[in-house]
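Chemist: curious how this folds, go ahead:
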Amino acid sequence: MKWKSFRLKTTTQAEDIVSSMLADLGVEGVQIEDKIPLTAADKEQMFVDILPETEADDGIAYLSFYLEEDADTESILKNVRQELEEMSEFMDLGECSIEESETEDVDWVNNWKQYFHQFYVDDILIIPSWEDVKPEDEDKMVIHIDPGTAFGTGMHETTQLCIRQIRKHVTPDTEILDVGCGSGILGMLALKFGAKHSVGTDLDPCAIDATYENMEVNGISKDQYEVMIGNIIDDKAVQDKVGYECYDIVVANILADVLVALTPVIVNQLKKGGIYITSGIIDDKEENVVEAVKKAGLEVLEVTYQGEWVSVTARKN
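Modeler: All right, here's what the predicted structure looks like:
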């Protein structure tokens, strides 16, 4: 199926109200492009440590929307232009030009699957749910993973660094907390390595379903894990629910700047003698995290590397 694509040029000041107007007219799924700088909160929720360079804000915004090929395009656009004309009487909407093009129907939610195939992390085979295990791999530790819309397949260097450290320190009595759990892969692997119980926290609600689905497909029962949404750094309710001094391992594969804020808080969740495993650290921010770890009273046990990424492992004495 083909879709008609429309790109409306307006101002950043008007982008929200114009989007709302389009929704009122039955136009759904508006995509906004602008050069408004990211806020600190936006940066905290991005899964990258090096943000792309952006141009200066020029006050221009582009709103893209799509209509089915057989939609009454003429009538819809007439209504859009009429609304824009009326709105322009009380605020600056900019140029209000609308470009039209045609696009093929794409399954955006599942399209990424063509780039994710089975791979090894040492002797562990990580395989997406839509691929089969080869006969020669049937005696391996096999992890079936489908991140869905949550972050975390195990392919990234930072995740692999965490996996190796978890494996090194896990015991049959291990209670593990995964901060920023995403797809649940680290907690799941800890359980596969023999841990007793796993708790995960994340800011993204998609992590709940992704973790449940991945745990189930790997044969892990619901009494072995828990996952919750919230910011453990500044939300006392989340901290209380997670619990204090009850984890043998806390793992956080996030971003260096977030780890600096997290570390003095998370020591309260660690048992005495507990292990703190961090990654998501680009190499030029290694010292920032090491300093934060030491400042929180933790002993640095090991710093490991893969590519340009770093993992810092410490202990609460």
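
Chemist: now the strands for the chain?
Modeler: For the chain, the strands defined by DSSP state E cover 2-11, 31-33, 60-68, 98-104, 119-121, 124-128, 141-145, 175-179, 197-202, 225-229, 247-253, 270-282, 299-306, 309-315.

Chemist: now tabulate those in CSV and tack on distance to Gln160, mean pLDDT and mean neighbour count.
Modeler: (Glycine included, C-beta is placed from N, CA and C.) Supplementary listing: the strands of the chain in CSV, determined by distance: least, C-beta to C-beta, whole Å; pLDDT from 0 to 100; neighbours: other C-beta atoms under 10 Å:
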stretch, distance to Gln160, mean pLDDT, mean neighbour count
strand 2-11, 39, 88, 18
strand 31-33, 33, 88, 13
strand 60-68, 36, 90, 17
strand 98-104, 36, 81, 11
strand 119-121, 5, 83, 15
strand 124-128, 10, 85, 19
strand 141-145, 12, 85, 19
strand 175-179, 15, 97, 26
strand 197-202, 18, 96, 24
strand 225-229, 21, 95, 18
strand 247-253, 10, 97, 26
strand 270-282, 9, 95, 22
strand 299-306, 6, 96, 14
strand 309-315, 9, 96, 24
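
Chemist: give the contact list for Val267.
Modeler: With contacts defined as C-beta atoms under 8 Å, 6 or more residues apart in numbering, the neighbours of Val267 are 276, 296-298, 316.

Chemist: mind doing that once more with 7 Å?
Modeler: Contacts here follow C-beta atoms under 7 Å, 6 or more residues apart in numbering; on that basis Val267 touches 296-298, 316.

Chemist: what do you get for Val310?
Modeler: Shown in contact with Val310 (C-beta under 7 Å, 6+ apart): 281, 283, 286, 303.

Chemist: can you rerun that using 8 Å?
Modeler: By C-beta under 8 Å, 6+ apart, the contact set of Val310 is 161, 279, 281-283, 285-286, 289, 303-304.

Chemist: follow-up on the earlier one: could I get the strands of the chain as TSV with distance to Ala23?
Modeler: As requested, the strands of the chain are exported to TSV (distance: least, C-beta to C-beta, whole Å):
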stretch	distance to Ala23
strand 2-11	13
strand 31-33	12
strand 60-68	10
strand 98-104	17
strand 119-121	41
strand 124-128	35
strand 141-145	35
strand 175-179	35
strand 197-202	28
strand 225-229	26
strand 247-253	36
strand 270-282	36
strand 299-306	45
strand 309-315	41
